[in-house]
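What follows is a predicted protein model with its sequence.
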Amino acid sequence: MGAPLRFPHLPTPDLLAVPEDRRRAALAIADVLRGRRVIGITTHINADGDACGSVAAMSQLLSQMGHAPRVVNPTPWPSIFDFLLEASIQDHTRHGARALKELDALVVLDVSDISRLGQLTEATRKLAVPRIVIDHHVPTDEPAGELLMDDPRACATGELVWDFAMTLGLEITTPIAEALYTAILTDTGGFRYANTTPRCHAIAAHLLSAGVDPETMFRRIYASVSPNRLFLLRDALHSIGHDAEHGISWISVTADALDRYDVSPEDLDGIVEHPRSIIGTRLALFFRDLGYGKVKVSFRSTGTVDVNRFAREFGGGGHAKASGALITGGLDDVRDRVIAAAREYVGVLAPAGQG
Ligand SMILES: [Mn+2]
């Protein structure tokens, strides 16, 4: 008999241990919330899966802690994530900034810069009650609160909410597990992006054990597409462009597209994956004409291009691999300008075989 086989990379319990800085931040948050009843929960405009999942989970966790949570988002809850809205979740979004007046504290999720709160930005700035931020973006100059639990190494804000729950010994019920799974699944692009870590898979394993059915979640999130959404995609695909020399690919959506097909902005999520999927693409761009002299541009990197820094050239920002900016001008004009700047920014691709 030879030496016993060893498996040094098997997952170990410390994969699920809460990092010390996150544990301390979670305890500080619980401390600040103690004795406060009505806790507002909010997230960025046009909430995505991480935002909705984190909000839904946090609302139920705060209820467990004995608080009266209240969701106040800057834009309406996207219908695709309606399945996360448990009966216990109070959504006061329709009351706008007025709903912030009655709070004893505010928890801001998945937001690095206060301006991401849209129409709630000013009211949040003036808030006299404690403001708490849980987020995984690169920090900016004006966070939406003074007490931060933030870590760009987290794959999703949902991972930090899981850390919060673990630190405080809260129960991960099946609805909470579904909310956190939605957050992690969507922010990792279905466990495909570079932010997919052994730890996020380990957390997902815990969430499956807590009752999440992955096929049901897949169907709800990725296989519930309306026909009109696909018709809009059909039109958008006509605009696909590719610059092989620089490794840049792009797609555009015109201002009238949403009305023509009666779809909402959330139906455009993921469109950038099409140019991004073209072989040799280092930088993918998605141009959406908002119709009032502004174009929303999404930047996606497939590797080493830092699109957070690139977006800042246009007054935007985000992550190194995913960012955005709002740019003044017509669609053709903005597209030409951004592509020209992108060619400059990324430089000419090295010939194959030279790195
Ligand atoms: Mn996120």
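That came in fine, so what should we check first?

List of residues touching stretch 245-254?
Stretch 245-254 has contacts (Cβ atoms under 8 Å, 6 or more residues apart in numbering) with 232, 235-237, 239-243, 268, 271-272, 274-276, 278, 280-289, 331, 335, 339, 342-343, 346-349. To be clear about C-beta, it is placed using only N, CA and C from the backbone, and glycine gets the same treatment.

Neighbours of residue 286, how many?
24 (other Cβ atoms under 10 Å).

Please shift the residue numbers so they start at 3 in all later answers.
Happy to do that; since the first residue is 3 now, the last one works out to residue 288.

so where do the helices sit in the stretch 253-357 of the chain?
Assigned by DSSP state H, counting those that start in this stretch, the helices in the stretch 253-357 of the chain fall at 259-263, 275-278, 309-314, 333-348.

Roughly how far does residue 223 sit from residue 87?
15 Å (Cβ to Cβ, to the nearest Å).

And for residue 113?
Applying Cβ to Cβ to residue 113 and residue 87 gives a distance of 20 Å.

ok so, going back, Throw the helices of the stretch 253-357 of the chain into CSV and include mean pLDDT, thanks.
Shown next, in CSV, are these (pLDDT from 0 to 100):
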stretch, mean pLDDT
helix 259-263, 93
helix 275-278, 95
helix 309-314, 95
helix 333-348, 97
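
per-residue confidence for the one residue in the stretch 3-152 of the chain that gets nearest to the ion?
The ion sits closest to residue 52 of the stretch 3-152 of the chain, with a gap of 3.4 Å, by Cβ to the ion. According to the prediction, residue 52 has pLDDT 98.

what about it, which SS state?
What DSSP: H, G, I helix; E, B strand; the rest coil gives for residue 52 is helix.

Give me the buried subset of the contacts of stretch 247-256.
The neighbour-count test (16 or more other Cβ atoms under 10 Å) marks 234, 238, 245, 270, 273-274, 276-278, 280, 283-291, 333, 337, 341, 344-345, 348, 351 as buried among the contacts of stretch 247-256.

do you know which of the helices of the stretch 253-357 of the chain lies nearest the ion?
Of the helices of the stretch 253-357 of the chain, the one closest to the ion (Cβ to the ion) turns out to be helix 309-314, at 13.7 Å.

which helices and strands does the closest one pack with?
Counting contacts by 3 or more Cβ pairs under 8 Å, 6 or more residues apart in numbering; DSSP states H and E, helix 309-314 is packed against strand 296-303, strand 319-320, strand 324-330, helix 333-348.

what do you get if the cut-off is 6 Å, keeping everything else the same?
strand 296-303, strand 319-320, strand 324-330 (3 or more Cβ pairs under 6 Å, 6 or more residues apart in numbering; DSSP states H and E).

Below-threshold pLDDT in the protein: ranges please.
Regions of the chain meeting the criterion pLDDT under 70 cover residues 3-7, 351-357.

Which parts of it belong to which domain?
Using automatic domain parsing, the domain ranges for the chain come out as 17-223, 230-348.

Which of those domains has the highest mean neighbour count?
domain 17-223 (a mean of 19; mean count of other Cβ atoms under 10 Å).

Now do it: distance to the chain's middle.
10 Å (Cα atoms, centre = their mean, to the nearest Å).

Now do it: distance from first to last residue.
End-to-end distance for domain 17-223, by Cα to Cα, to the nearest Å: 27 Å.

Tell me where this protein has strands.
For the chain, strands defined by DSSP state E occupy the ranges 40-45, 70-73, 107-111, 133-137, 149-152, 243-245, 250-255, 285-291, 296-303, 319-320, 324-330.

Each with direction, which strands does the fourth one pair with?
Yep, that's strand 133-137 we're talking about. Here strand 133-137 is paired, per DSSP bridges, with strand 107-111 (parallel), strand 149-152 (parallel).

got the ones you listed as a markdown table, with distance to the ion columns?
Formatted as a markdown table, the strands paired with strand 133-137 follow (distance: least, Cβ to the ion, whole Å):
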| stretch | distance to the ion |
| --- | --- |
| strand 107-111 | 9 |
| strand 149-152 | 11 |
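
Dump those into CSV; add distance to residue 36 as well.
What follows is the strands paired with strand 133-137, written out as CSV (distance: least, Cβ to Cβ, whole Å):
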stretch, distance to residue 36
strand 107-111, 10
strand 149-152, 13
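
re earlier: reformat the domains of the chain as CSV; add distance to residue 11.
Below are the domains of the chain laid out as CSV (distance: least, Cβ to Cβ, whole Å):
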stretch, distance to residue 11
domain 17-223, 9
domain 230-348, 25
